[in-house]
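Participant: Could you look at this predicted model? Sequence included:
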Amino acid sequence: EHVIEDMDGKIEMILDGGQVGIGVESTIVDVSGPVPTLLRPGAVTLEMLRETLGQVEVDPAILGPVKGDVKPKAPGMKYRHYAPKADMVLVEGAMEDVVDYINREAAKAMGAGKRVGIICTRSQEETVAHNLFAVLRDFDDRQVDCIFSESFSEDQLGQAIMNRLCKAAGYHIVKCGGPSEE
């Protein structure tokens, strides 16, 4: 259903293979050079790749927005891939600071009459990855105006989750706690 919504009229055919078990897109690795390069993190993590392949580089597109003159090497590297319609903010920091920031900003937004979506969970990363796109789609269906999301560990599957969240937020990241919040 989501693929049809995004791709209808852009491709000739969609084969429905049923619900996927992972939730986030597949891992993409470029092996055309002397050192394999991770282009898109997924369920096969960087740690798993390094265990098997040894040295593996990480494409800079994973770490931040791709510059306008760079041709993407894999789907979803350059654009806000599977992004919600609402403005989204990814909040990083100690959990207590993140929760305080999200509560404060959500209250301000609701006070201004906006509909707010929040991603904050104690679930395992596998559960988050499996449900991430469904949650973003649900926010679209509910017509929220803004979304606040906690950040996740960038180890293991968390790297794939953070990659998708950063792209969905258009790299709008707030670091809270410490001397001053950005």
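Facilitator: Structure's in. What do you need?

Participant: where in this structure is pLDDT low?
Facilitator: Residue ranges of the chain with pLDDT under 70: 66-72, 74-82, 178-182.

Participant: residue ranges of the strands in it, please?
Facilitator: Taking DSSP state E, the strands of the chain run over residues 28-30, 37-40, 57-58, 87-92, 116-119, 146-150, 173-175.

Participant: quick one: strands adjacent to the last one?
Facilitator: Looking back up the chat, that one is strand 173-175. Looking at strand 173-175 with DSSP bridges, its partner strands are strand 87-92 (parallel).

Participant: ditto for the second one
Facilitator: Strands that pair with strand 37-40, judged by DSSP bridges, come out as strand 28-30 (antiparallel), strand 57-58 (parallel).

Participant: picking up where we left off before, which stretch among the strands of the chain is buried most, on average?
Facilitator: Of these, the one with the most neighbours on average (mean count of other C-beta atoms under 10 Å) is strand 146-150, at a mean of 23. No exception for glycine: its C-beta is placed from N, CA and C like everyone else's.

Participant: Need the strands of the chain in JSON lines (columns: distance to residue 8).
Facilitator: As requested, those are arranged in JSON lines below (distance: least, C-beta to C-beta, whole Å):
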{"stretch": "strand 28-30", "distance to residue 8": "24"}
{"stretch": "strand 37-40", "distance to residue 8": "23"}
{"stretch": "strand 57-58", "distance to residue 8": "33"}
{"stretch": "strand 87-92", "distance to residue 8": "24"}
{"stretch": "strand 116-119", "distance to residue 8": "25"}
{"stretch": "strand 146-150", "distance to residue 8": "24"}
{"stretch": "strand 173-175", "distance to residue 8": "32"}
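
Participant: Quick one: residues contacting residue 94.
Facilitator: By C-beta atoms under 8 Å, 6 or more residues apart in numbering, the contact set of residue 94 is residue 177.
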